[in-house]
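In: Fold the following.
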Amino acid sequence: MAKNKTVETAISVSDFINSYVDNDQKKIDSFRLIELMSEWSGFEPKMWGPTIVGFGSYHYKYESGHEGDAPLIGFSPRKPEFSLYIYSPAEEHKHLLVNLGKFKIGKACIYIKKLSDINIATAEELCRATIAYLNKHHECACRA
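Out: Model prediction:
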């Protein structure tokens, strides 16, 4: 079975942001996301893999037998746009996207250009809904 690439590391989140992000506004937005996601999740930021800032963790196991750990919520300040890992697949959470603002959505994340493009209150609702979903369906650090 393949080994998971996205695992928690001991790399400093601040060092990562300061060295990886070369756009001043993206750097400001990154540190603001760290503040917000720490508050919403109740967890301190940790690096997951080389470029994901994650908060808390949960354990997943697929029917295929593949299993591992992942952050409850998180983001990556990728070059073209942010990848926000704040969305659960629950049907009852889809309505929250209506008021989120300017974004694109992929299979596992929401893409935004800058933090000012989205409604922060709606992002908070999405984060809290995602944590609740993960708590219900997986072994989760949010139960501690």
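
In: from here on, contacts and neighbour counts on C-alpha atoms
Out: Noted.

In: a helix runs through F16, doesn't it?
Out: Yes. Secondary structure of F16 (DSSP: H, G, I helix; E, B strand; the rest coil): part of a helix.

In: What does the pLDDT read for it?
Out: On pLDDT, F16 comes in at 97.

In: Count residues in the vicinity of it, would you?
Out: Neighbour count for F16, taken as other CA atoms under 10 Å: 15.

In: need the contact list for it.
Out: Counting by CA atoms under 8 Å, 6 or more residues apart in numbering, F16 touches T51.

In: What is the neighbour count of the closest residue to N18 other than its chain neighbours?
Out: Take N18 and drop its neighbours on the chain: the residue closest to it by CA to CA, 6 or more residues apart in numbering is K27, 7.3 Å away. Residues within reach of K27, counting by other CA under 10 Å, total 17.

In: Please shift the residue numbers so they start at 47 in all later answers.
Out: Got it, first residue is 47 now, which makes that one K73.

In: distance of K73 from A116?
Out: 24 Å (CA to CA, to the nearest Å).
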